[in-house]
Structure formats: C-alpha cells, structure tokens
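Undergrad: could you work out the structure for the sequence below:
(chains A, B and C)
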Amino acid sequence: MSESASTPVPTVAAELRAARSHVGRRLLKNPTGLVALIVLTVMVLLAVFADLLAPMDPSKANIQDVLAPAGGAHPLGADSAGRDVLSRLLFATRFSIAGALWAVLIAAVIGVTSGLIAGYYQKWFESVSVWVISIIQALPGIVVLLAARAVVGPSIWLIMAVFGVILSPAFYRLTYTAVVGVRNELFIDAARVAGVGDASIIGRHILSVVRAPIIIQAALLAGIGIAVQSGLDFLGLGDTNVPTWGQMLSDAFSRMYQAPVLLIWPSLAIALTSISLVLFGNALRDELERAAGKPKKKRRGTTGYVPDTSGDAPVVHDEERADDRPTLLAVDGLVVGYDQPDGGVKQVVNGVSLTVRKGEVHGLIGESGSGKTQTAWSILRLLPAGGRIVAGTVSFDGKDLAHLSESAMVKIRGRRIAYIPQEPMSNLDPSFTIGSQLVEPMTVTLGISKAEAKERALALLGRVGLPDPKKTFDSYPHEVSGGQAQRVLIAGAVSCEADLIIADEPTTALDVTVQADILDLLRDLQSDLHVAVLIVTHNFGVVADLCDRVSVMQNGRIVETGPARSIFRGPRHPYTRSLFDAILEDGAARGPLAHSADRNTITERSAR
Amino acid sequence: MNAEPLLVIDDLVVEYPAKGFGKKPFRALKGVSLDIRPGECVGLVGESGSGKTTLGRAVLGLAPVTGGSVRFKGQDISHLKRKQRRALSDEIQVVFQDPYSSLNPSLTIEQTLAEPLRVKKMSAADASKRIRGLLDQVGLPANSADRLPREFSGGQRQRIAIARALALSPELIVCDEPVSALDLSTQARVLDLFKDIQEATGVAYLFVSHDLAVVRHLSHRVAVMYHGEIVEYGDGGQVTSAPEHPYTQRLLLAAPVPDPVRQEQRRADRRRLLEAQREMEVQAGV
Amino acid sequence: MLRFILRRLLAGVILLFVASSLAYLLLYLGAGDIARQILGVSATQEQVAAKAAQLGLDQPLIVRYVDWVGHAITGDFGASWFTSQPVVAAITSRLAVTLSLVIGTTVVTALVGTALGVWAARKRGAADRFVQIVSVLGFAIPGFLIAIFLVNVFALNLGWFKPTGFVQLSTSFPGWLSTVTLPILALSIGAIAAIASQVRGSVIDTMRQDWVRTLRSRGLSENRVLYKHVLRNAGGPALAVLAVQFVGLLGGAIIVEKIFAIPGLGPVAVDSTARGDIPLVMGLVVVTAAIVVVVNIVIEILHGFLNPKARIS
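TA: Numbers count the residues shown, from 1 in each chain, chains lettered A, B, ... in the order given. Prediction:
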C-alpha cells in the first residue's frame, strides 16, 4: 500500500521496448561492458590462433638468446632459457584461459545441477549438500590444491578440475538461493495448478531467472581461476612443459634483478584479463538491474526545476461548528519530487495544502500512489533517498520545516512531531531490545537519565495495553506479535510528549479485531494527551472512527477537504463520490445460490 | 435439481512439520468440513493464522494433508500423485492474492496464458484464439497478449490471473484473497468481474478473504474460520449480518463502518459485546 | 549463548575430523609408489620394499588410517619422509610467522574495509566511485601480482623497505612491522575490496529499512542511527565475508611468503607438495582446517552477539 513500494508504470511505448530488449544487446551499448568484451574477445582470438601468430616454438631454448632484449628475432625479447617471449605469451594465453574456463565449466556443471536439485526438491539432498560444502570450505583453496598437486602431479588439467570442484559451492549457492526465492513465488504454484510438469517449471520459470547471474558468477570465477592457476605455476608447482602466464611470471621473478622488464608481459596479461572479466560481470549486472527498473545512479536534480502545481482547487466543506483551536501545522503548496537519472524530477505530490489544528484528528485518505504517505514523510523531512521537497512551506509552531536545517529538524522530531509507521514488524531494529529502543530516544530528546527513561518506558508499555510491560521491555522485536509491536510503536510515538503525531496507515497491516483494539487505544491516548494526529489511511472506516476532519487525496493533490461528518454525509467531488460508491460495507448480501446457476453449468459443460 | 456437491471437504487435518527434531508439527487445520455445490460461491473468512489460506492450498494439492479427505466429484483428491494432480488442472484452478508475484515477470501475458493450454496439447492457433477470447472475457484489450506483467496495474494483473484460471474452463476456482491487495475502486470492479464470470460460466468459487464485506458481497454461503477450525457456516446474509458464534460476532463488530454516526454506534455495540463475552467466560470458568 | 557455542564447537570438531579423514584417504589412495619416489630410480627392489616396510606402507590403508588417527589425537602427526623432522615441529616453528601475517592483514582489512564502505555508502558520488574502482582492481588483480609490483617499486626502486627477510614479532615490533608492511599491503588490497563493497551494500540496504526512518522520527540524529543501529545490523553480512576472506588470506599468504622470502608455512607447503612429502602435507591440511574451524566459530559467536535472532537458530 505504501507509495514508495510501487514502481512507476512506464507509459511510453519506446520505453517498453527498451526494457524488453535483450540484456545482451544493451550490454553492447554499455561502454565498460563493450570495452571488456572487446578485450576478452581479443584474448580468446589470440589463444585460439596462437599457432598461426607465434613466430617460434614457445619451448625452444636457445642459450645464445638468454635474456635477449626486445627486437630482432625476439620482438619482446627472450627469457632466462632463451625462449621467445612473444611466442610463449601467445601460447600461455591459450593455456591460462583454457585452464580457467575448464575449472569454471566443472564448477558450473556441479554447482548449478546440485543447486537446482537442492533448491527445488530440498529434503535430504539439501542437508547433504550443506555438509559437503562445509567440508570443501573448511580449507583454503590453495591448500587443497597443494595437497592435490602432491598426489596427482603437475598436470594443469587435473589441478584445474580439482579447483573446479572447490569453486562449485559458489554456483551452488547462487542457484540454490535463486531457486528457493523463485520456488516460493506464487507463479510457480499457479503453474503447478495449471498442470505444468516439474521439468518444464525448472526450464521455463527457474532457469530463466538464474541464467544471467550464472554468467556473471562465471566471469568472476574465471578471473579467480586465472589468478590461482598463475599462482600455482608461479610457485613452481605447474607443468614446466606447458607455457602459462604463471610460468612466465615465475621465470621473470627469478631474474627480477637482471631483467625486470620480463615481469611486465605476463603481469599485464593477467591483470588485463582479470579486470576485463570483472568489468564484464559488473556491466552485465548493472544492465540487469536497470532492466529490472532500478536507476543506476541518482544525480542531483537541476535547481532550476519549475514545479507543476496545476489542477483544480479542492472542494472545501464549511465548518459545522465554530472551531477556535489554533492552527498547529499548516502545509502550503507542498510539492515533493524524486530526482531522476536523466536530471529531471518526478513529482509525487503536486501542491498539497492542509492545516491541522491543535488537538485535532485529521484524516488524509487516498488510494495507493495518491501521494499521502509522501506528504506525511515530507512533513517529518524523512523522505527516502532521492526525494526532496521541491516547493511549498510546512509551517509548524512558527517555523518552516521545509527549509529548516537538518540539525534543527532533529530537535523537532520525536519531541514535537512523532510518527507511527504502517508495518509494525519492520519498524523495530531487530538487533536491540524493545526497551532500549524506547529508552534511547527519551534520553536523547528529553535529556533524562536512563533509569528515569526506563521507568517511563515501563509505564508507557502498560499504558498502551501490554499485559506484561517488564517482559516486553526485555524482549527482542522478533519475540512479539504484530499487534504488540504496533502497541510498542505507539508507546514510542507518545513517549516524548509530542504535539503532533503523524500516523501512516497505523492499522493497515493488522487483523480486523486487532485493528479495532488499536483504534480504541489511539482514540483514548488522543483524548488523554490532547495531541493532534494526522492519520494517513485508505480506509473510510478508520476515518469514520477517529477523524474530526478529512482531506481526500488523488494523484498528489487534495481534491476535497472538510469536517468528517459533512464529507460522509455529502461528498461533492466526483472522485470522492466514486470512492464512496465502491464501498461494500452497506451492500446487500448475495443471497443463497439460485437454481438457474446449476442448470447453466450443466448446459454449458455438455455443449462443449 | 442438482443436489450433488462439487467439492466435499471432510474432517480435514493439515500439519506442517516443525523445524528441528522432537518438536510437535504445526496443526494448521484441525478437522475442517465444508462443501461447495456447482456454480456456488462459498466465502471463507478469517484472520491471519486462522488456516483459511491453508484450506485453499489443501484443495489445490499444495498443502500436506495428514487426515480427513477432500472429495471432488466423488473422487478423493487429497493424496494424489503429481501426475494425477496435473490431470485435474482443467477442473480446479486458482487466483492468488498477490498480483505481483503470481505472474512470472519475464513471460509475456500470452506465454503465461498459453501455459495451461500447452499442457493440454492445444494447437498454437487454437491457443492464440482462446487467449484472445479470455482477454476479452476479463475486459482486457486484445493487444495485451504480447506485453509483460510489469506494464499492467495491480487490478489488470489480477484480471490476467483470472484469465489464466479460466483458460481450461474449470468447475472450481480457489480464490485466495484475490482483491486484498487492490485499491477500493479497483476492488469493486474486480469483484463484479468475478460475479459476471460466475453467472456466465457457472464456475464455483472457494473465495478466501479476511474482509467480511467482500465475502458478503460475493458469497452464497459463508464459512468463518478461527484457529484452524470452522466456527460458523451458513447462508451468506445470515452469517455476515446476524452471526451466532461469539467470534463471528466480534469479527463483525470490529470492522469500522464508513459512517461516523453509525461507527459510534458500532463502537458502543462492540464494547458491550466484549463486556458480555468476558462475563460469560468468567461464569464458564466458575 | 553457552549452548550455542558448545554446539558450534561440536560441529567444528566433527567437521575437522571428516575433512582430515577425507584428505588422508584421498591423499594415500591417489599417491603412487611412495617408497620408490623417495629413494629415486636407482634404488633396488629390495631397498624400496624395505623403505615401504619402514614407513608402514605395506599395511592395508584402513590400518594405517586408524593408526594415523590414533596418533593424531595425541598430537603426533608423524615425521617428514625426506628430512625425518617431526611434522609438528616443522609446522609450529613457522605457524606463528604466517599467523602474525594473516591476522595483521585481517585487522587492517576489517578497519580499512569498514571505513571505506561506510564512507562510500554515506557520501555516494565521488567517494562511491573511488571505492568501486578500488573494488574492481582489488578483486581482479591477484595478490601476488600486487606483491611483485610492490617489491619492484617500494623495495627495489625506492628502497623504502627491504625486499626480503623477516623479523619475528617477538624479537622487535618495529622490525616486524617493516618486514610485513609490504606483504600485508599486498594481501589486504583484495580483501579490503571485498569488505568495503559488502559494507557499502549492507549499509545502503540497512539505511533503507523502515525502522531507520522510525528511529530518526524519534529524534535520533542520522549519525547516531548509522553508527549505533545501522552498522550493527550491517555487521553480520560483513563478518561472513571477513570469514571467507580470512580463509583466502591463509592461502594467499603461501604465495606472498615466497615473494618476500618469509619463513612461514608457505615454503614448507611448497616444498612438501613438490616432493610429495605426504605426512607433512597432511599435517598442513589438519592445521589449516583447524584454524578455519576456529575462525568460523569466533565469527559466528561475534555474529550471535550482533544479531539476537542468530542466537536461537
């Protein structure tokens, strides 16, 4: 229900096509991704055509050419055994890349298959997999490889196969997490109910989700494969008959004092390949995230943005009784916008004006996307990242909150304006006890001692109707129910004696019977403390239960405002009227099943 | 007259195994009995944890049945093998609550709707024709077919989910909170669609919801669930306006009425009811 | 909490046992004619048979395994086939060197990585891009390549540090520091990259949590919420990454020790591997596995301390 969760529905046709176009094609338009892809392609081509490109046999030693400088017969010089560096480099590219790919292939086959099975069927296979992985990961990969090397000898293929096994948990975990995530999606259940078989579900619904992450993981692991393979050869544990970057590096390192330049080529090859692999993986991930609708980065919006506040003035109902309570909060022409990646601003609140009097309960009602929660957050100046007040004023107690410094705002929050959130369970810090989360703000905002704050917290927990305040005080958030958590949050909101409480859908996440109790509690507290409440809701029942006055919001604007009773008696704006028409509470029950329906079924069925 | 019920649930028990050894399994349904006639809408109302969603899932074969039976047209379907279950796909279908996670985001609407048809080996041309008919039936434009779910609003997605459920012309659709995630005005329109489809095709609904008003609007009969049991079951109008069971009474009076004057009245009624029920409990305790 | 620790300890011991048993069986099953390998091609058939009998290799594998386990429990891992030095002595004399290097690197990594991660998460923009570039380089470039680069620049060209050698921590702290600075730098860059990007990600994710808004609505400043609440919640995932990094560092140290000629476990590992000195290799496997198990338990206890939910499961 919260507006922040709803993603904007794209309307422009071009945008739609772009979102759907293949991620691979978009990768080519990503500069980093393109460069990385070109480097990798060149590397692979060099590896494949090493025979044609190499001027000499990479293993042919020539004593006369030992450490020969670059030029002449040896374009890049010769190494400590007089072998041609360029030829060795080309063949090393072949073997180093092939070794890394071989390891990644083995890792992918083992990891993805077992991940799919463990994730989809779970049960014993999953427990066994967990144990096998803990055993594999109980040792550093290098140590396992050394041990393997001690037994199987210096073969690059055998060693890299063992390394593939060591890497396979990375693929396993990725696949497993994705499968478990997808498995619990309702569309999998729907496919099962539609009669789709397991193989088809895995193929269509699950593999399509994990395919791209597997490619990303493969790119990253190939980099690690190259590093480890080079490392082993660098230690002198590889097959000296197979030229690799690590062999070259080892040879160059032993002659570091005489010919340091020999270090450059293998180092460059390793670094360039590894960086390209990582950049390729990152670019692919960025494109995937962007395809999923996440903006890559947020830029500060242009300061010259002119807010759009066009639209009809709201329908205002006359006051029924003279109300001489002074105004506490006056929002005037509030515009809230989110900076877009293209430098523009997406407006979510388009010029809202509303006033809350001292001690009044004001309802702000609207459907999802109407901007009601955004309005509430901007009064507290707690908009999510990227959101800001673009225009308008928020007058509270003689100050304009819209233009107050953050440090001055900190003094307003809690002490003067408090907040009750929508989701009780996600609004308590899971790592701290409920008590400490109540005590900390009181010691900070009221400047009282911890002991005094604790005493007050216990009294408050009792006041909001928790049966055992001491026990709740010492509990962690995951140990209490949703209804109890909401009572705790209400206690927190009233703990610092604020003048205004902003309650954002305070009962939406609760069961109906719990909602009724919480509404009772809010009403009691409000009349006891004479605190003003701005309550954001989509439920006309809640408004009818609590509110003195109502403002109806649609598309970031207030369309109708006035005393609750007057609006319920005679809504005047067409939108408000359409909302009232959609209310089911007063409709007639459907009544028992008419016989015609039965006959209808039979004729329909037999006709088919 | 057709007296034979379409679906008979008898003394159904569902238990979820507890995590960790030696712990008692969680009993989500404790012996539930219910029947649905052809073309009927049975509303199932209850709060979170009452077992109402579990009951729907048990009918669909998605929950572990440990006791009792679910008979569909006389056949016990509570312990079917996957293959037998698949054969039931043109008899029993589903519409889920969450219009966002119930459609695969990477498949087009056509691909999603074609899935059940493909399983039944329908030819591509026939399937395409059927899909157009379905989209029309749920009030979506024909060009919706090659779009992705993300291009639709919550209400439209729910229409797509309904179209998928209708694809194989089932006789029963389990509707698990299908309008709870929707806005007020969208909710009313989707409910009307459910009603129209039922009147046109004679499909039966097991309609699960936490909202008494929604259930009342659509259901011929209503069952009220509480702690894994059905506490009241009967005519929709009766159960939702003059309930007999104390829990249903509490549930009815807990929902605020969208009218300040009548809500004040209901608040007072609720206070009196809670008072009276507490007294009765005290007396029963003595 | 005590039960939680005991359970982890038990699981760790079982894991250690299973892993080393598996290693033992695979090593000896995979090895060829060991006695021939030790004596070389020139030895006679009789000499080889005598050597095999002396090493107990004429016994069935299962008998040798049971024997090995019996001795290993008492802390006796046999002797090297080539130097006849007891395995335990060969390892313990060098273990402290490697551990001082790895633990030093872990501390540097945790501090710098966390600071960079928080900085990038808070400031975004340029700070963010800087950390992202460091992450890519640190992740992509192998530690030994960085080590070679550092030796060339800071030791050979600039002469700020000695290119090789090692001073024991117990001998002189400044001496130790000057010999481990470059190795720690080489090892830590990759690990810092991993920690920084993990911390950055979890801080950004945690800052988006609903309860952050609620705590701020109570009048707590953004910094207070960040340093007291957000960091604690973001710490769990970062600790998990730190554990993985520690295991990686243990392996990385072997290569880096060769470059800087540090007398740690690295040279022992390389020599015993190249020669096929299986008792020594086995000893190394058990020791590193034990270290990994201990580190994981420590990390899990820290995690349980940070996150109350982790204590029950």
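Undergrad: show me where pLDDT drops low in chain C?
TA: Low-confidence segments of chain C (pLDDT under 70): C:1, C:32, C:310-313.
Undergrad: do the longest helix along it and chain A meet at all?
TA: Scanning chain C for the longest helix, with DSSP state H as the assignment, gives helix C:87-123. No - applying Cβ under 8 Å from any Cβ of the partner chain, one finds helix C:87-123 separated from chain A by no less than 10.1 Å. Just so you know, the C-beta spots here come from the backbone N, C-alpha and C atoms, and that holds for glycine as well.
Undergrad: near chain A, anything from the helix or strand that that helix is followed by?
TA: Downstream of helix C:87-123, the next assigned helix or strand under DSSP states H and E is helix C:125-140. Yes - with Cβ under 8 Å from any Cβ as the criterion, chain A is reached by helix C:125-140 at C:Val136, C:Leu137, C:Phe139, C:Ala140.
Undergrad: the residues you listed: which two are farthest apart?
TA: Farthest apart among the residues of helix C:125-140 next to chain A by Cβ to Cβ are C:Leu137 and C:Phe139. That separation is 7.4 Å.
Undergrad: more neighbours: which of those two?
TA: Each of C:Leu137 and C:Phe139 has its neighbours counted (other Cβ atoms under 10 Å in any protein chain shown); C:Phe139 has more, 23 against 17.
Undergrad: give me the distance between A:Ala558 and A:Gly371.
TA: Actually, residue A:558 is Ile rather than Ala. Distance of A:Ile558 to A:Gly371, given as Cβ to Cβ, to the nearest Å: 9 Å.
Undergrad: higher neighbour count, the two?
TA: More neighbours surround A:Ile558 than the other of A:Ile558 and A:Gly371, with 30 against 24 (other Cβ under 10 Å).
Undergrad: now for A:Ile558 and A:Gly371: what residues contact both?
TA: Both A:Ile558 and A:Gly371 are contacted by A:Val352, under the criterion Cβ atoms under 8 Å, 6 or more residues apart in numbering or on different chains.
Undergrad: next, give phi and psi for the closest residue to A:Gly359 other than its chain neighbours.
TA: Spatial nearest neighbour of A:Gly359, excluding adjacent residues (Cβ to Cβ, 6 or more residues apart in numbering or on different chains): A:His530 at 4.6 Å. Dihedral pair for A:His530: phi 50, psi 40, per degrees, to the nearest 10.
Undergrad: sorry, back to before: can you add distance to chain B and give the residues of helix C:125-140 next to chain A back as CSV?
TA: Formatted as CSV, these follow (distance: Cβ to the nearest Cβ, whole Å):
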residue, distance to chain B
C:Val136, 29
C:Leu137, 34
C:Phe139, 29
C:Ala140, 30
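Undergrad: could you give the number of residues near C:Ser188?
TA: Around C:Ser188 there are 27 residues (other Cβ under 10 Å).
Undergrad: and A:Gly541, how many neighbours?
TA: 24.
Undergrad: can you tell me the element it falls in?
TA: Using DSSP H and E, the element containing A:Gly541 is helix A:540-546.
Undergrad: which outside residues touch the helix or strand that comes right after that helix?
TA: Note on helix A:540-546: by DSSP H and E, the next helix or strand toward the C-terminus is strand A:549-554. Outside strand A:549-554, the residues that touch it by Cβ under 8 Å, 6+ apart are A:314, A:352, A:354, A:360-367, A:370-372, A:375, A:543, A:558-564, A:567, A:573, A:575-576, A:579.
Undergrad: identify those among the residues you listed that sit within helices.
TA: Secondary structure from DSSP H places A:Lys372, A:Thr375, A:Val543, A:Ala564, A:Ile567, A:Tyr575, A:Thr576, A:Leu579 of these in helices.
Undergrad: nearest to B:Val94, of those residues?
TA: The closest of those, once distances to B:Val94 are taken by Cβ to Cβ, is A:Leu579, at 29.8 Å.
Undergrad: please name the residues that touch that closest one.
TA: Counting by Cβ under 8 Å, 6+ apart, A:Leu579 makes contact with A:Glu367, A:Phe540, A:Val552, A:Pro571, B:Leu184, B:Ser185.
Undergrad: which residues of the stretch 101-250 of chain B fall in strands?
TA: For the stretch 101-250 of chain B, the strands defined by DSSP state E, counting those that start in this stretch cover B:172-176, B:204-209, B:221-226, B:229-235.
Undergrad: how about those in JSON lines, adding distance to A:Gly119 and mean neighbour count?
TA: Formatted as JSON lines, these follow (distance: least, Cβ to Cβ, whole Å; neighbours: other Cβ atoms under 10 Å in any protein chain shown):
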{"stretch": "strand B:172-176", "distance to A:Gly119": "24", "mean neighbour count": "26"}
{"stretch": "strand B:204-209", "distance to A:Gly119": "28", "mean neighbour count": "26"}
{"stretch": "strand B:221-226", "distance to A:Gly119": "32", "mean neighbour count": "25"}
{"stretch": "strand B:229-235", "distance to A:Gly119": "35", "mean neighbour count": "18"}
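Undergrad: now those strands in TSV, with mean pLDDT?
TA: Formatted as TSV, those follow (pLDDT from 0 to 100):
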stretch	mean pLDDT
strand B:172-176	95
strand B:204-209	95
strand B:221-226	95
strand B:229-235	94
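Undergrad: now those strands as TSV including distance to chain A?
TA: Putting these into TSV (distance: least, Cβ to the nearest Cβ, whole Å) gives the following:
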stretch	distance to chain A
strand B:172-176	8
strand B:204-209	8
strand B:221-226	7
strand B:229-235	6
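Undergrad: where does the prediction get shaky in chain A?
TA: Ranges of chain A meeting pLDDT under 70: A:1-23, A:291-304, A:595-608.
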